[in-house]
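*Asks:* Sequence first, predicted model second:
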Amino acid sequence: MIFPGWQSAVDFTVLSVALYALLVWARQARVLRIALVVAGLHAAALAARQFDLIITSWVLDGAAVISVVLLVVLFQGELRQALIRLDNVTRLWTQPAAVMGPRFQPLAEAAFALARTGLGALIVLVRNEPVSELVRDGVALDAEVSTELLIALFQKSSPLHDGAAVAEKGRITRAGVILPLTERVDVPGHFGTRHRAAMGLAERSDALVIAVSEERGAVTLFQERSAQEFPDAVELVAALRRLHARPAAGVTARIRRSLTANPGFKLAALALAALFLGISVRPGGNTVRTFNIPVEFRNVPAGMQITRQSADHFEVQLRGSVWIMEGMGFPRLVARFDLTGAKEGLLTVPLERQNLDLPPGVRLDRASPATVTVRLAPRSR
C-alpha cells in the first residue's frame, strides 16, 4: 500500500482539506493559475529530492516560497476576507435573522423608481461577512435607509452616483463605493460595468447586490454566482427577506452541504494530495542508516510469561531518500512483536517491516539478528 497506517490516512486527509481550501480561495481571489504553479513547483521539488537532486530541489523550493510571498503581498485583502469567511464557517448557527428588518421596502422602491426614470444604481446589502476589504473609495455615511436618500444618491448631479451605496444593519454606511469587477467569461452580453461590479462582489462575499440598469430599466439581484431580474418591488422585497434572513442550518445540513459543494475542486484536491504523498513516499533511495533498537512484546497470553529471549536489541539497516532519513529522525523506533494466541514453549519470529512501524518511503534492508526466539511458560504462583 502507498499509504499504510492511520498516521498516513490522517496526513492524506489533512493535506486534501488544505489543498481544497487553497483551490477554493484561489478561485475566489482570481489566482487559481498561480496557486497551481506553486503546487507544481512544490511537487517538482519533492520529486527532485527523491532523486537526490539537492540543488534542483532548493531552486524549486525557493521559487515556490517566492510565489507564496507574492501571493500574500499582492492579495492581502482576499486573504483577510478568507479568514473572515472561515470564522463564519466555524459557527454552528448563523447570526440572528433579518438585521435589515423593515428596510427592504425602501430599497426595493428606490431601485424601481430609479429604473423608471432611466437612472442606474448599485446597492449592496451586507449580511454576515464584512465587505470593507473588497471595496474601495467612497464616502462614509450614517443615515437611515430611505427611498428618498437612495434616489438622491444616484441622481446624475450627485458626485456619488457612479459608485455603490452600502446598506448595513438598517443604515446606509457608505456611498460612491467602487466594487471589484468579475473576471468570469460567461457574462451575458447586455451586462455592463455596473452589473460586472455587482457580480464581482457577490462572488467574493455573501452580500446581496441590487443592480439597476440605466439602459434597460431592469432591476437585477446578485447573490453569490446567481443573478435574477425582478418585475416589481413586491417580488424583490420577498426575495430579499428570504435570502437575507436565511434560517440557521443544523450541523447535519451544513456537513451535507460542505460535502456536496465544489465536487470538481474536491476531486482535484484528492488527486493533488495523492500525487504529493506518492512522490514523497516513493520506496527506495540512496541513504542508508543503521539503528540499534529495543525489542517489545505485546499481548502476552494471560497466565504466561517470557522466561527467555534470544535478543533484546536488533541492529537494523534502513534505506530511504536523504530528505526522509534526515527529516524523520526515528526517535521512537522499536521492534514490536504481537504474541496473541502464542502457545507454551519456544517461538521463533522473524523481524519484518511491519514490526518496526516505518514511515512510508523507508524500507528495511537488513536486520541482525534476523529472528528472535522466546520461551513461553506458565506464570509461577
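*Replies:* Good, I have the coordinates. On a predicted model such as this, the values are computed, not experimentally measured, just so you know. Numbering: from 1, shown residues only.
*Asks:* Identify the residues contacting the closest residue to residue 37 other than its chain neighbours.
*Replies:* Distances taken as Cβ to Cβ, 6 or more residues apart in numbering place residue 67 nearest to residue 37, at 6.4 Å, with adjacent residues excluded. (C-beta placed from N, C-alpha, C; glycine too.) Contact partners of residue 67, counting by Cβ atoms under 8 Å, 6 or more residues apart in numbering, are 34, 37-38, 41.
*Asks:* now swap in residue 172 and tell me
*Replies:* By Cβ under 8 Å, 6+ apart, the contact set of residue 172 is 141-145, 149-150, 153, 165-166.
*Asks:* The chain: helices as residue ranges?
*Replies:* Along the chain, counting by DSSP state H, helices occupy 5-28, 32-50, 54-74, 76-89, 104-116, 147-153, 193-204, 233-244, 251-260, 263-280, 322-328, 353-356.
*Asks:* follow-up on the earlier one: can you tell me which of the contacts of residue 67 is closest to residue 205?
*Replies:* residue 34 (21.3 Å; Cβ to Cβ).
*Asks:* Neighbours of that closest one, how many?
*Replies:* Residue 34 has 17 neighbours, counted by other Cβ atoms under 10 Å.
*Asks:* Then residue 272?
*Replies:* 22.
*Asks:* is it true that it touches residue 20?
*Replies:* No: using Cβ atoms under 8 Å, residue 272 is not in contact with residue 20, being 9.2 Å away.
*Asks:* In space, what's closest to residue 112 - neighbours in sequence excluded?
*Replies:* residue 233 is the one closest to residue 112 (Cβ to Cβ, 6+ apart), at 5.0 Å.
*Asks:* show me what contacts that neighbour?
*Replies:* Residues counted as contacts of residue 233 (Cβ under 8 Å, 6+ apart) are 105, 108-109, 111-112.
*Asks:* roughly how far apart are residue 144 and residue 298?
*Replies:* 73 Å (Cβ to Cβ, to the nearest Å).
*Asks:* So in terms of bridging, what pairs with the residue nearest to residue 228 when sequence neighbours are not counted?
*Replies:* Excluding its sequence neighbours, the residue lying closest to residue 228 (Cβ to Cβ, 6+ apart) is residue 221, at 5.4 Å. With DSSP bridges as the criterion, residue 221 is bridged to residue 210, residue 228.
*Asks:* count of residues packed around residue 221?
*Replies:* If we define neighbours as other Cβ under 10 Å, then residue 221 has 24 of them.
*Asks:* just to revisit the earlier point, out of the contacts of residue 172, which end up buried?
*Replies:* 141, 145, 149-150, 153, 165-166 (16 or more other Cβ atoms under 10 Å).
*Asks:* Redo these as TSV? Include pLDDT.
*Replies:* Output for the buried ones among the contacts of residue 172, formatted as TSV (pLDDT from 0 to 100):
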residue	pLDDT
141	82
145	83
149	84
150	84
153	84
165	86
166	87
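*Asks:* The residue nearest to residue 228 reaches residue 208, doesn't it?
*Replies:* Yes: the criterion here is Cβ under 8 Å, and residue 221 meets it with residue 208 at 6.4 Å.
*Asks:* Check the contact between residue 305 and residue 374; I expect there is one.
*Replies:* No: counting by Cβ under 8 Å, residue 305 stays clear of residue 374, with 10.2 Å between them.
*Asks:* quick one: which of these two has more around it?
*Replies:* Taking other Cβ under 10 Å, residue 305 and residue 374 do not tie; residue 374 has more neighbours (21 against 12).
*Asks:* domain assignment for this protein?
*Replies:* Here the domain parsing of the chain from automatic domain parsing is 5-91+251-280, 101-244, 287-378.
*Asks:* Pick the most buried one from those domains.
*Replies:* Highest mean neighbour count of those: domain 101-244, a mean of 18 (counted as mean count of other Cβ atoms under 10 Å).
*Asks:* Please report how far the residue nearest to residue 37 lies from residue 73.
*Replies:* Residue 67 is 11 Å from residue 73, where distance means Cβ to Cβ.
*Asks:* quick one: low-confidence ranges for this protein?
*Replies:* 1-8, 25-33, 49-52, 71, 74-102, 245-262, 277-285, 322-331, 360-361, 381 (pLDDT under 70).
*Asks:* Could you pick out the longest strand of the chain?
*Replies:* strand 287-298 (DSSP state E).
*Asks:* Can you tell me which helices and strands it packs against?
*Replies:* If contacts are counted by 3 or more Cβ pairs under 8 Å, 6 or more residues apart in numbering; DSSP states H and E, strand 287-298 sits against strand 304-309, strand 313-320, helix 322-328, strand 335-338.
*Asks:* let's go with 6 Å and repeat that
*Replies:* strand 313-320, helix 322-328, strand 335-338 (3 or more Cβ pairs under 6 Å, 6 or more residues apart in numbering; DSSP states H and E).
*Asks:* For that strand, output the C-alpha coordinates as CSV.
*Replies:* The C-alpha coordinates for strand 287-298 follow below in CSV (Å, rounded to 0.1, in the frame of the first residue of the first chain):
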residue,chain,number,x,y,z
THR,A,287,20.6,6.9,2.0
VAL,A,288,21.2,4.0,4.5
ARG,A,289,21.3,4.4,8.3
THR,A,290,21.9,1.9,11.0
PHE,A,291,19.9,1.8,14.3
ASN,A,292,20.2,-0.2,17.4
ILE,A,293,16.6,-0.7,18.6
PRO,A,294,15.0,-2.4,21.6
VAL,A,295,12.5,-5.3,21.5
GLU,A,296,9.0,-5.1,22.8
PHE,A,297,6.4,-8.0,23.1
ARG,A,298,2.7,-7.2,23.1
